[in-house]
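Asker: predicted coordinates and the sequence they were generated for:
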Amino acid sequence: MEISPRLYLLDGSSYIYRAYYGFRDILTPGGMPANAVFGFTKMLLDLLQEHRPHYFAVVFDPPREHTFRREIYPAYKAHRDPTPEDLVSQLPYLRKILQALNIPALEASGFEADDVIATLARRFAAEGMDVTVVTGDKDLLQIVTDRIGLLDTMKDKRSGPQEVFERFGVPPELVADVLGLAGDTGDNIPGVPGIGEKIAAKLVQQFGSVEGVLQWKSLVNGKARRESLSVHADQALLSKRLATVRYDVPVEVSLADLQSRSPNVRELVPLLRELGFAALEVAFTPPPPGVVEIYSDGSGRDSGPGGYGVILRYGEHEKELSGFEPSSTSQRMELIAAIRGLEALNTPKRVRVFSDSQYLVRGMSEWLRGWIRAGRLETPDALKNQDLWRRLADLSAKHKVDWEWVAGHAGHPFNERCDKLAKRAAEEGARAAIPLTPPVDMEKEVGAIPPSAPPIQEVPAPCTEDMAFDADADGQFRLC
């Protein structure tokens, strides 16, 4: 049960640079660099699909020369290189993507994205909203409260007050004091020479603030340190001011303006096609009428804990399933994932099952008929993973199923989401040492997964990585 609505504020400038450097060698059909646009869009979709915020906005920095910090300290961020030309050319397309996704893009002249985020986070948290700021910038740790948290999607790490204290040794409201003494090389904030972050944290713990440290500098250990504080007192105060976010940005936006909305598909799909992002286009293309799409993936090793992830799509409906097996191989988990997806269908359907496992797809679409003719599904020990293949054959007989292979780790949005679900289920299951119970409220049109799907008996066996097969091979001598 939801206690309060969720607002997510994304540090857009940070995401752009992560995308630009994290995705390379991507061009549009016309030859324009598109790595930043592709990476930004993909990471954005991953975030929205995984967290599904009630309210959402992306916040951008204005040109760094046009901020109040540059006015009071001309060297602020002055050491940074200009924006790369091949990134500049992509920025208009980023704005078009956000517009087509119906996502507000916010910016305030004279203020950085951090200031806009801090202002909105505090305002809406005071109104009872749970706020998540999506960023990897440590400066924003100073705004954390019980209602405001940070999410670093690259590290999959959430930070609340306790995490801030563990990181800096002080509560969030004193982070700017630590940065004021230690400085910040990333933003070219000078701080006090000779005082690093650990010493700065100890001094703030002892004296309460930069001002307190300066007032009682005679009590600070170390002659050189005391002299540096005396000589650079004004610089310390300036540095704290530079590091402190503002909560008074005049940004006129209401909560209703930030409500999550469905994308404008008529505008978005042609834009994705223009950019050549076929893998992303799939996320906005519903299944054909009357067809259930099942995307499945398994995560496991030669033996040990395994997880599965499944996404079912039917019309406008979508549902995720995931679960854990205490002992399994990667190939068995691929089969179990498809089984769990098909088990979620209570009535006969036209089904398209997508998987990056050739073992599963070729087994069901090519090899199964031969196994049935030869009696290998029924003859004891005639087939590796015989129990799972038999279960898949029984389930497939209830529906009209097409099995389709998709390339793994190639940017396909549903395949990669299933991979994440599977790995997360495996990790969480291993920690808890008990199987995870799959969700049971599949949309009525598709049917619900049984309340307690019986565990499949595990028969661990050595196996190798999935691979390409000869046309006449059935894989049984190469894979488990």
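Answerer: Thanks, I have the structure now.
Asker: looking at this structure, which helix or strand does the model trust least?
Answerer: Within the chain, confidence by mean pLDDT, DSSP states H and E is lowest for helix 278-281 among all helices and strands, at a mean of 86.
Asker: next one: phi and psi at residue 378?
Answerer: phi -100, psi -30 (degrees, to the nearest 10).
Asker: tell me the contacts of it?
Answerer: residue 390 (C-beta atoms under 8 Å, 6 or more residues apart in numbering). For the C-beta atoms, the positions are set from N, CA and C on the backbone; glycine is no exception.
Asker: how much space between it and residue 372?
Answerer: Look at residue 378 and residue 372: by C-beta to C-beta, to the nearest Å, they are 9 Å apart.
Asker: any idea how this structure splits into domains?
Answerer: 6-243, 286-432 (automatic domain parsing).
Asker: nearest to residue 268, of those?
Answerer: Taking C-beta to C-beta, domain 6-243 is the member of those nearest to residue 268, at 3.8 Å.
Asker: what's the end-to-end length of that closest one?
Answerer: Domain 6-243 has an end-to-end distance of 27 Å (criterion: C-alpha to C-alpha, to the nearest Å).
Asker: for it, what is the average pLDDT?
Answerer: Averaged across domain 6-243, the pLDDT comes to 94.
Asker: that one: how far from the chain's middle?
Answerer: Remark: domain 6-243 is offset 18 Å from the chain centroid, using C-alpha atoms, centre = their mean, to the nearest Å.
Asker: just put the domains of the chain in TSV and tack on distance to residue 265.
Answerer: Below are those laid out as TSV (distance: least, C-beta to C-beta, whole Å):
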stretch	distance to residue 265
domain 6-243	8
domain 286-432	9
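Asker: of all these, which lies closest to residue 277?
Answerer: domain 6-243 (5.9 Å).
Asker: wait, doesn't residue 174 sit right on residue 207?
Answerer: No: assessed by C-beta atoms under 8 Å, residue 174 is found out of contact with residue 207, at 10.6 Å.
Asker: so between these two, which is more surrounded?
Answerer: Comparing residue 174 with residue 207 by other C-beta atoms under 10 Å, the one with more neighbours is residue 174, at 21 against 18.
Asker: which strand residues bridge residue 308?
Answerer: residue 298, residue 323 (DSSP bridges).
Asker: how many neighbours does it have?
Answerer: Neighbours of residue 308 (other C-beta under 10 Å): 32.
Asker: how about the strands in the stretch 251-400 of the chain?
Answerer: In the stretch 251-400 of the chain, the strands defined using DSSP state E, counting those that start in this stretch lie at 291-299, 306-314, 317-325, 350-355, 400-405.
Asker: and those: which comes nearest residue 31?
Answerer: Taking C-beta to C-beta, strand 400-405 is the member of those nearest to residue 31, at 29.8 Å.
Asker: look up how far residue 351 lies from residue 306.
Answerer: 23 Å.
Asker: between those two, who's got more neighbours?
Answerer: residue 306 (31 against 24).
Asker: thought the more buried one was touching residue 322?
Answerer: No: using C-beta under 8 Å, residue 306 makes no contact with residue 322, being 11.5 Å away.
Asker: quick one: contacts for residue 255?
Answerer: With C-beta under 8 Å, 6+ apart, residue 255 has these contacts: 7, 55, 124, 127, 129.
Asker: can you put the residues you listed in JSON lines and add distance to residue 427?
Answerer: Converted to JSON lines, the contacts of residue 255 look like this (distance: C-beta to C-beta, whole Å):
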{"residue": "7", "distance to residue 427": "28"}
{"residue": "55", "distance to residue 427": "29"}
{"residue": "124", "distance to residue 427": "32"}
{"residue": "127", "distance to residue 427": "35"}
{"residue": "129", "distance to residue 427": "30"}
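Asker: and residue 56, which of the three is it?
Answerer: With DSSP: H, G, I helix; E, B strand; the rest coil as the basis, residue 56 sits in strand.
Asker: before we move on, back to that, turn the strands of the stretch 251-400 of the chain into TSV, including distance to residue 118 and mean pLDDT.
Answerer: Below are those laid out as TSV (distance: least, C-beta to C-beta, whole Å; pLDDT from 0 to 100):
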stretch	distance to residue 118	mean pLDDT
strand 291-299	38	96
strand 306-314	36	95
strand 317-325	33	93
strand 350-355	42	97
strand 400-405	47	96
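Asker: what's the closest of these to residue 150?
Answerer: strand 317-325 (24.6 Å).
Asker: list the buried residues for that closest one?
Answerer: 318-325 (16 or more other C-beta atoms under 10 Å).
Asker: what about residue 105, how many residues nearby?
Answerer: 16.
Asker: tell me the contacts of it?
Answerer: 12, 57-60, 95, 98-99.
Asker: go again with 10 Å.
Answerer: By C-beta atoms under 10 Å, 6 or more residues apart in numbering, residue 105 lies in contact with 10, 12, 57-60, 94-95, 97-99.
Asker: phi, psi for it please.
Answerer: Dihedral angles (degrees, to the nearest 10) for residue 105: phi -110, psi 120.
Asker: correct me, but residue 42 touches residue 410?
Answerer: No: under the criterion of C-beta atoms under 10 Å, residue 42 makes no contact with residue 410, lying 11.5 Å away.
Asker: which of the two has more residues huddled nearby?
Answerer: Per other C-beta under 10 Å, whichever of residue 42 and residue 410 has more neighbours is residue 42, with 20 against 10.
Asker: related to what we said a few turns ago, for residue 306 and residue 322, list the residues in contact with both.
Answerer: Shared contacts of residue 306 and residue 322, defined by C-beta under 10 Å, 6+ apart, comprise 299, 337, 422-423, 425-426, 429.
Asker: pull the most distant pair out of those residues.
Answerer: 337 and 429 (14.0 Å).
Asker: pull out the buried residues from the helix or strand containing residue 178.
Answerer: According to DSSP states H and E, residue 178 maps onto helix 175-182. Buried residues in helix 175-182, counting neighbours by 16+ other C-beta under 10 Å, are found at 175-182.
Asker: still on that earlier bit, can you flag the buried ones in the shared contacts of residue 306 and residue 322?
Answerer: 299, 337, 422-423, 425-426, 429.
Asker: need the residues you listed in a markdown table with distance to residue 46 and secondary structure, can you?
Answerer: Formatted as a markdown table, these follow (distance: C-beta to C-beta, whole Å; DSSP: H, G, I helix; E, B strand; the rest coil):
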| residue | distance to residue 46 | secondary structure |
| --- | --- | --- |
| 299 | 17 | strand |
| 337 | 19 | helix |
| 422 | 15 | helix |
| 423 | 14 | helix |
| 425 | 17 | helix |
| 426 | 19 | helix |
| 429 | 22 | helix |
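Asker: quick one: which of those is nearest residue 90?
Answerer: Looking across those and measuring by C-beta to C-beta, the closest to residue 90 is residue 423, at 30.5 Å.
Asker: could you check how far the residue nearest to that closest one when sequence neighbours are not counted is from residue 153?
Answerer: Once flanking residues are discounted, residue 423 sits nearest to residue 299: 4.6 Å by C-beta to C-beta, 6 or more residues apart in numbering. Residue 299 is 19 Å from residue 153, where distance means C-beta to C-beta.
Asker: returning to that earlier point: make JSON lines from the strands of the stretch 251-400 of the chain and add distance to residue 27 to it.
Answerer: Formatted as JSON lines, these follow (distance: least, C-beta to C-beta, whole Å):
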{"stretch": "strand 291-299", "distance to residue 27": "27"}
{"stretch": "strand 306-314", "distance to residue 27": "29"}
{"stretch": "strand 317-325", "distance to residue 27": "31"}
{"stretch": "strand 350-355", "distance to residue 27": "26"}
{"stretch": "strand 400-405", "distance to residue 27": "26"}
